[in-house]
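[1] Sharing a model that was predicted from the sequence below.
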Amino acid sequence: MVLGEHGEILLKATGNTTLEAGSVVSANGAQGGNVTIQSGDTTLVSGVVEAKGSEGQGGSVQLLGNRVGVIDAAIVDASGQTGGRYGIGGWRLPGSQS
């Protein structure tokens, strides 16, 4: 479990990143925090990634890599009382080869 209440969580790898079922990455708070999970190749999430806001807008969650998969019973949640932000897509580390 990685907790970053009211803060920023950055998980960054030059290779693959996998968050297994049962894993929790949480930056919840009044306004939500920011979670970025970034890999140089494949990012797979089957656990929980959240940046929920309990009083206002939620935070943001970005899942980045050349290939990104939200699989199995994964939960990605950046909700809040007035909204939240998500970003899921391909991305390449500067200087990496394809």
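    Sure thing, it's come through.
[2] lowest-pLDDT helix or strand in the protein?
    For the chain, counting by mean pLDDT, DSSP states H and E, strand 2-3 ranks last in confidence among helices and strands (a mean of 63).
[3] where in the chain is pLDDT low?
    Low-confidence segments of the chain (pLDDT under 70): 1-6, 87, 89-98.
[4] Now do the strands in it.
    Secondary structure of the chain by DSSP state E: the strands cover 2-3, 8-13, 17-19, 24-26, 34-39, 42-45, 48-50, 60-65, 67-70, 75-77, 85-90.
[5] got a list of contacts for the third one?
    In other words, strand 17-19. Residues from elsewhere that reach strand 17-19, judged by Cβ atoms under 8 Å, 6 or more residues apart in numbering: 11, 25, 37-39, 42-47, 49, 65, 74. C-beta: built from backbone N, CA, C; applies to glycine.
[6] switch to 6 Å and redo it
    By Cβ atoms under 6 Å, 6 or more residues apart in numbering, the residues outside strand 17-19 that reach it are 37, 39, 43-45, 47.
[7] Please give the number of neighbouring residues around residue 44.
    21 (other Cβ atoms under 10 Å).
[8] who touches it in this structure?
    Listed by Cβ under 6 Å, 6+ apart, the contact set of residue 44 reads 18, 69.
[9] quick one on the thing from earlier: kindly indicate the member of the contacts of strand 17-19 with the most neighbours.
    residue 43 (27 neighbours).
[10] how about the residue nearest to that residue when sequence neighbours are not counted, what does it touch?
    Among residues not flanking residue 43 along the chain, residue 65 sits closest, at 3.7 Å (Cβ to Cβ, 6 or more residues apart in numbering). Applying Cβ under 6 Å, 6+ apart, we find residue 65 in contact with 39, 42-43.
[11] So which of the contacts of strand 17-19 is the closest to residue 59?
    Closest to residue 59 out of those is residue 37 (13.5 Å), distances taken as Cβ to Cβ.
[12] Count the neighbours of the spatially closest residue to the closest one that is not a sequence neighbour for me.
    In space, and not counting its chain neighbours, residue 37 is closest to residue 11: 4.7 Å by Cβ to Cβ, 6+ apart. By other Cβ under 10 Å, 15 other residues sit near residue 11.
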